[in-house]
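Novice: just the structure for this:
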Amino acid sequence: MVSLTLHFFSVVLDLAEEIRLANRARLGDRVRNPLRKAKFLVLPLFRRSFSRVEDVTLALAARGFHENVPVKLPSLKMSHLLPLFVFVGLLLVL
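Specialist: Residues are numbered from 1 along each chain as shown. As a prediction, the model looks like this:
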């Protein structure tokens with residue numbers, strides 16, 4: 001979940017830049033009021049980010065992700081690690 005949060009932070013920054021450039025292309029720098037500028041940035045940013053979050057939520061649900069179920073990886077048997085040890089040993093010898 002932490003990596004997903006960090007990913008969305010960069011996505012939101014990219015969306016903000018995209019919206020800012022679109023507003024500059026449409027309006028130029030005619031809007032001088034900072035509150036109006038913020039309105040033109042914040043409202044589309046919320047709309048797009050909530051849409052993106054909804055898409056990711058549906059994708060995770062479709063793949064069977066449940067936050068309350070702990071992820072338990074099976075333990076590795078020593079017989080599965082033997083080829084790795086042999087490979088590392090050969091690399092050290094060479």
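Novice: any idea how far Val42 is from Arg30?
Specialist: Between Arg30 and Val42 the computed distance is 19 Å (CB to CB, to the nearest Å). Using the backbone N, CA and C atoms, a C-beta is placed for each residue, glycine as well.
Novice: may I have the helix or strand that contains Val88 as CSV, with CA atoms only?
Specialist: Taking DSSP states H and E as the criterion, Val88 maps to helix 78-93. Provided in CSV are the C-alpha atoms of helix 78-93 (Å, rounded to 0.1, in the frame of the first residue of the first chain):
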residue,chain,number,x,y,z
MET,A,78,16.5,-25.7,0.7
SER,A,79,16.3,-27.9,-2.4
HIS,A,80,15.0,-24.9,-4.3
LEU,A,81,18.0,-22.8,-3.2
LEU,A,82,20.6,-25.4,-4.2
PRO,A,83,20.9,-24.4,-7.9
LEU,A,84,21.4,-20.8,-6.7
PHE,A,85,24.3,-21.8,-4.4
VAL,A,86,25.9,-23.9,-7.1
PHE,A,87,25.7,-21.0,-9.6
VAL,A,88,27.2,-18.5,-7.1
GLY,A,89,29.9,-21.0,-6.3
LEU,A,90,30.8,-21.4,-9.9
LEU,A,91,31.0,-17.6,-10.3
LEU,A,92,33.3,-17.3,-7.4
VAL,A,93,35.6,-20.1,-8.7
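Novice: so what touches stretch 49-58?
Specialist: Leu4, Phe8, Val11, Val12, Leu15 (CB atoms under 8 Å, 6 or more residues apart in numbering).
Novice: buried ones among those?
Specialist: Neighbour-count burial (16 or more other CB atoms under 10 Å) applied to the contacts of stretch 49-58 gives Val12, Leu15.
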